[in-house]
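Enquirer: sharing a model that was predicted from the sequence below.
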Amino acid sequence: MGTTSRRPALEELGLAAVKGAPQTFDGYGFAALLDRLKKSPEETIWAPRFDRELEDSIAASIPVAAEVSLVITEGNYLLLDSMPWATARSLLDEVWYVDLSEDLRRERLEARHRRYGRSVEEAHERTYGSDEANAQLIAATKPAADAILHLP
């Protein structure tokens, strides 16, 4: 039996170069998931997860059981005031912003890129390229947070 080749979704959409930007996420799907979690507390709802080895998300991977009364989610764009993120924000009770130094953010990003197989040059380019542009967009949303957690 042969193996099948699988191109990650962002490559197929021509968005791999800007991976991590708002348009590379299924924001409408995320908002729909949040809406369903709020409106259907009596059923198990299946959420996606991101697999770093595949560099892609996998649908229906995380069960949220009916007895779960608190859901904590994370996301870089939860405070954006544009669609679909504004819809997602309206479905959240609170959004906290985690604030850490730019140097530490960049250091952690470069290390993560290296951990997942990028060369030193590729990791640096990604960290100071598309990741930096995304970080600036995210930082601009900080005033809209319900709470700001400052990390050293």
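Expert: Nice, I can see it.

Enquirer: and the closest residue in space to Trp46 that isn't next to it in sequence, which of the three is it?
Expert: Taking Cβ to Cβ, 6 or more residues apart in numbering, and ignoring the residues beside it in sequence, Trp46 has Ala60 as its nearest neighbour in space, at 3.9 Å. Every residue, glycine included, has its C-beta placed from N, CA and C. What DSSP: H, G, I helix; E, B strand; the rest coil gives for Ala60 is strand.

Enquirer: Ala60: neighbouring residues, count only.
Expert: Applying other Cβ atoms under 10 Å, we find 10 other residues in the vicinity of Ala60.

Enquirer: so it versus Arg49, what's the distance?
Expert: The gap separating Ala60 from Arg49 is 9 Å, by Cβ to Cβ, to the nearest Å.

Enquirer: right, and the residue nearest to Trp46 touches Thr44 too?
Expert: No - taking contacts as Cβ atoms under 8 Å, Ala60 lies outside contact range of Thr44: 10.6 Å.

Enquirer: on that earlier part again, for the residue nearest to Trp46, which residues are in contact?
Expert: Trp46, Ala47, Pro48 (Cβ atoms under 8 Å, 6 or more residues apart in numbering).

Enquirer: once you drop chain neighbours, what's closest to the second one?
Expert: The spatially closest residue to Ala47, leaving aside those adjacent along the chain, is Ile62, at 4.3 Å (Cβ to Cβ, 6+ apart).

Enquirer: based on its surroundings, how many neighbours for the one you found?
Expert: The number of residues packed near Ile62 is 10, by other Cβ under 10 Å.

Enquirer: was I right about it contacting Phe50?
Expert: No - taking contacts as Cβ under 8 Å, Ile62 lies outside contact range of Phe50: 10.4 Å.

Enquirer: now do the domain split for this structure, please.
Expert: The record, using automatic domain parsing to delimit domains, assigns the chain the ranges 1-93, 95-152.

Enquirer: where among these is average confidence lowest?
Expert: Averaging pLDDT over each of the domains of the chain singles out domain 1-93 as the lowest, with a mean of 90.
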